[in-house]
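K.L.:
From the sequence below, what's the structure:
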Amino acid sequence: MKIKRTRHLLPTVFLIISCGPCIALAAQPPAAPSPTPQQTLRTPSAIMQPAIETLRQTIWILRPEKWKASDAIRQETSANIDSIHRDLTNTLPSLLTAADQTPDSVSRMLPAYRNIEALYDVLLRVTEAGRLSAPRDQAVTLQRALAGLEGGRRAFAEQMQSAAVAHDQQLRSLEAAARAAPRAVVATPAPCPPAPHTKKRRTTSKTVRKPMHPSTSKTTGTASH
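P.N.:
Just a heads-up that it's a prediction; the model follows:
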């Protein structure tokens, strides 16, 4: 009977042993999801390159001296076009190169963004003057260049805002981690043990009496005989 009972228990024991790892795995908490990789930021040059190329091609075909406008408007428009050309050649490329080094830094991107803002304002004045007095093909080309620069400027501003938000979140995480971290206990140095007190022996000055030497010049009374 004992053997039969042991045989009946063998499948149950085997089932418990075989299912033990499954039960242990089921009891474990689910693993935390791995963080998603950070989205690669586009460089400011890559954002602005299409708009800059369109603007360069546009200013080469403009002929403000032939527009149906006053001499003052034609001269002002020519000066604005020269200003745009100088900015695209000398100023803006270096600012974009500096911003490309750290595309997640608002302080590095801000000078280039301000320059693009000023460039947009100048192009807007040229476009308004062309809409009133330029031939249709030049006016349409100016409208297209202005829309492209507006789109690049908006994308640039959105990336700057994303960089600012990411920087703010990182700063808050560091502050929270600093508050949660246990404060380091500053070990106070042990006080120095007092120096052993040594009793000074009193030195009694003894008066040393000098021996009396007999005087060689002692005068003694002689008895008269």
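
K.L.:
Quick one: list the elements packing against the longest helix anywhere in the chain.
P.N.:
Among the segments of the chain that qualify as a helix by DSSP state H, the longest is helix 136-180. If you count contacts as 3 or more Cβ pairs under 8 Å, 6 or more residues apart in numbering; DSSP states H and E, helix 136-180 packs onto helix 44-61, helix 106-133. For the C-beta atoms, the positions are set from N, CA and C on the backbone; glycine is no exception.

K.L.:
and those as JSON lines, adding mean neighbour count, mean pLDDT and distance to residue 78?
P.N.:
Shown next, in JSON lines, are those (neighbours: other Cβ atoms under 10 Å; pLDDT from 0 to 100; distance: least, Cβ to Cβ, whole Å):
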{"stretch": "helix 44-61", "mean neighbour count": "18", "mean pLDDT": "95", "distance to residue 78": "11"}
{"stretch": "helix 106-133", "mean neighbour count": "17", "mean pLDDT": "95", "distance to residue 78": "10"}
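
K.L.:
wait, which of those is closest to residue 155?
P.N.:
In terms of Cβ to Cβ, the element of the helices and strands packed on helix 136-180 nearest to residue 155 is helix 44-61, at 5.0 Å.

K.L.:
Contacts made by that closest one with the rest, please.
P.N.:
For helix 44-61, the surrounding residues in contact (Cβ atoms under 8 Å, 6 or more residues apart in numbering) are 81, 84-85, 88, 92, 96-97, 99-100, 103, 109, 112, 116, 123, 138, 141-142, 144-145, 148-149, 151-153, 155-156, 159.

K.L.:
Alright, calling it a day.
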